[in-house]
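In: Structure for this input, please:
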Amino acid sequence: MSSPFLAPSKVKVVGDALPNIPWQDRSADDSSVVWRYSNNPVIPRNPFPESNSAFNSAVVTFKGKFAGVFRCDHTDRNQELHVGFSDDGLKWKINPEKIKFIGADADIAKWSYGYDPRVVWIEDRYYVTWCNGYYGPTIGIAWTKDFETFHQLENAFLIFNRNGVLFPRKINGRYLMLSRPSDNGHTPFGDIFVSASPDLTFWGQHRHVLARGLTGWQSLKIGAGPIPIETSEGWLMFYHGVLQSCNGYVYSWSAALLDLEKPWKVIAAPRPYLMSPQTPYECMGDVANVTFPCAALVDAPTGRCAIYYGCADTVTSLAFCRVDEVLAWLKQNKV
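Out: Presented below is the predicted three-dimensional model:
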């Protein structure tokens, strides 16, 4: 069934062709803008014996196939980062050995914990950002060219911060990163900001992007999700929002559109969510009622988009959409 939100569109998605993108067409009886893969979850909680859970992870194309950096909380409940590879983006082999970063200043290199990574290709290498423990949560940065050796850079910000997401290219000669300043607990607040850097070391020119509280599903806090997708209409930013119910937090997600040259300027922000916890694997797990998007693969010529999202802080699942449909939906459902 076609989405009722699809309007005649000349939206251009900037990027490469990805004909082997993991994909499943929307079922005939489904009119959702974003739909779930029928064989979710694609990564179980224990892809290797020491893993308690595998979720909130980042996937990219690599040598015609796929690679990623995965959050795998261990059975001792340490939060660790692991490399994984896949031929088709659906069946994954995750290395049981955690990533060992090299090259950082000795003080920065002291590992405490790491979680919720993102990965992006910029110019000639892949950059990894994650929530890095350094006397509290901040944004760690590293780069790799082969997913074997990871070179750690300086932390981007002072504590406390989460959800560090780089844009896939420099804008006006600067690297830009979205983040969500926070606190040291299970943050009960938070807006999305963007910061600029000439060299990925020194960060400044901080600008407010999007506020929590626009509508109920995002009333408590919000945070950037996958790497923003460049389109002819602006940057498409998928992001999560949280509400506090009588039974605890509920993590849903949606999309906003940002200005191409000044991405702190919001062109359209959504009133409803695109996805909320509704299936058993999203509602039941180590943390109930969580859908948390961290990665998006896009076939630019067709606009097909596959989104990897964490479920209940336990497993990893896939959802699908088309960029032009999301943009048309957003125009009809903006605040």
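
In: the helices in this protein, which residues?
Out: In the chain, the segments counted as helices under DSSP state H are 280-283, 323-332.

In: Please name whichever of these is nearest to Asn78.
Out: Each of those was scored for nearness to Asn78 using Cβ to Cβ, and the closest is helix 280-283 (23.4 Å). C-beta coordinates here come from the backbone N, C-alpha and C atoms, glycine included.

In: And the residue minimising distance to the centre of the chain, what's its pLDDT?
Out: With distances taken as Cα atoms, centre = their mean, the residue of the chain nearest its centroid is Cys294 (2.0 Å). We have a pLDDT of 98 for Cys294.

In: For it, give its distance to Met284.
Out: According to Cβ to Cβ, to the nearest Å, Cys294 stands 20 Å off from Met284.

In: Same question for Gly84.
Out: From Gly84 to Met284 the distance is 24 Å (Cβ to Cβ).

In: Please say which of the two ends up with more neighbours.
Out: For Gly84 versus Met284, neighbours defined as other Cβ atoms under 10 Å are more numerous around Gly84 (22 against 14).

In: nearest spatial neighbour of that one, skipping sequence neighbours?
Out: Using Cβ to Cβ, 6 or more residues apart in numbering and skipping the chain neighbours, the partner closest in space to Gly84 is Ile94 (3.9 Å).

In: show me what contacts that neighbour?
Out: Contacts of Ile94 were listed using Cβ atoms under 8 Å, 6 or more residues apart in numbering, and they are Ile43, Pro47, Phe48, Ser51, Ala54, Phe70, Cys72, His82, Val83, Gly84.

In: which residues does the fourth one form a beta bridge with?
Out: According to DSSP bridges, the residues that bridge with Ser51 are His74.

In: now swap in Trp143 and tell me
Out: Bridge pairing for Trp143 - DSSP bridges - gives Tyr127, His151.

In: For the residue lying closest to Phe62 once chain neighbours are set aside, grab phi and psi.
Out: In this structure, Phe62 finds its nearest non-sequential neighbour in Phe147, 6.5 Å apart by Cβ to Cβ, 6+ apart. Main-chain torsions, Phe147, degrees, to the nearest 10: phi 60, psi 30.

In: pLDDT score for Phe147?
Out: Phe147 is assigned a predicted lDDT (pLDDT) of 98.

In: Check Lys10 too.
Out: If you check Lys10, the pLDDT there is 84.

In: Could you report the distance from it to Ile94?
Out: Distance of Lys10 to Ile94, given as Cβ to Cβ: 40 Å.

In: repeat for Ser276
Out: With distances taken as Cβ to Cβ, Ser276 is found 27 Å from Ile94.

In: is it true that Pro137 touches Ala156?
Out: No - using Cβ atoms under 8 Å, Pro137 makes no contact with Ala156, being 11.7 Å away.

In: More neighbours: which of these two?
Out: Taking other Cβ under 10 Å, Pro137 and Ala156 do not tie; Pro137 has more neighbours (26 against 23).

In: ok so, going back, can you tell me how far the residue nearest to Gly84 sits from Asn52?
Out: 13 Å.

In: Return stretch 17-24 as CSV; C-alpha atoms alone will do.
Out: C-alpha atoms of stretch 17-24 as CSV (Å, rounded to 0.1, in the frame of the first residue of the first chain):
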residue,chain,number,x,y,z
ALA,A,17,23.8,4.5,-4.8
LEU,A,18,23.4,1.6,-2.4
PRO,A,19,21.6,-1.1,-4.4
ASN,A,20,22.3,-3.8,-1.8
ILE,A,21,20.7,-1.9,1.1
PRO,A,22,18.8,-4.2,3.5
TRP,A,23,15.2,-3.7,2.5
GLN,A,24,11.7,-5.0,2.8
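
In: Going forward, the N-terminal residue is numbered 495.
Out: Will do, 495 is the new start, and the previous item becomes stretch 511-518.

In: Other residues contacting that stretch?
Out: 529, 531-532, 555, 558-559, 582-584, 791-795, 798, 800, 812, 814.

In: Only the buried members of these: can you turn that into a PyMOL selection?
Out: Buried subset of the contacts of stretch 511-518, written as a PyMOL selection, criterion 16 or more other Cβ atoms under 10 Å:
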select buried, resi 529+531+555+583+584+791+792+793+794+798+800+812+814
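
In: Just the contacts of stretch 511-518: which are in strands?
Out: With strands taken from DSSP state E, the overlap with those comprises Trp529, Thr555, Lys559, Leu791, Val792, Asp793, Arg798, Ala800, Leu812, Phe814.

In: For the first one, which non-adjacent residue is closest in space?
Out: Distances taken as Cβ to Cβ, 6+ apart place Arg520 nearest to Trp529, at 4.9 Å, with adjacent residues excluded.

In: how far away is the one you found from Leu708?
Out: As defined by Cβ to Cβ, Arg520 lies at a distance of 27 Å from Leu708.

In: now Thr643
Out: In terms of Cβ to Cβ, Thr643 sits 42 Å off from Leu708.

In: My guess is the residue nearest to the centre of the chain contacts Cys805. True?
Out: No - look at Cys788 against Cys805 with Cβ under 8 Å: they stay out of range, at 11.5 Å.

In: how about a markdown table for the contacts of Ile588, with pLDDT and distance to Gly627 added?
Out: Formatted as a markdown table, these follow (pLDDT from 0 to 100; distance: Cβ to Cβ, whole Å):
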| residue | pLDDT | distance to Gly627 |
| --- | --- | --- |
| Ile537 | 98 | 23 |
| Pro541 | 97 | 23 |
| Phe542 | 98 | 22 |
| Ser545 | 98 | 19 |
| Ala548 | 98 | 19 |
| Phe564 | 98 | 17 |
| Cys566 | 98 | 16 |
| His576 | 98 | 16 |
| Val577 | 98 | 19 |
| Gly578 | 98 | 22 |
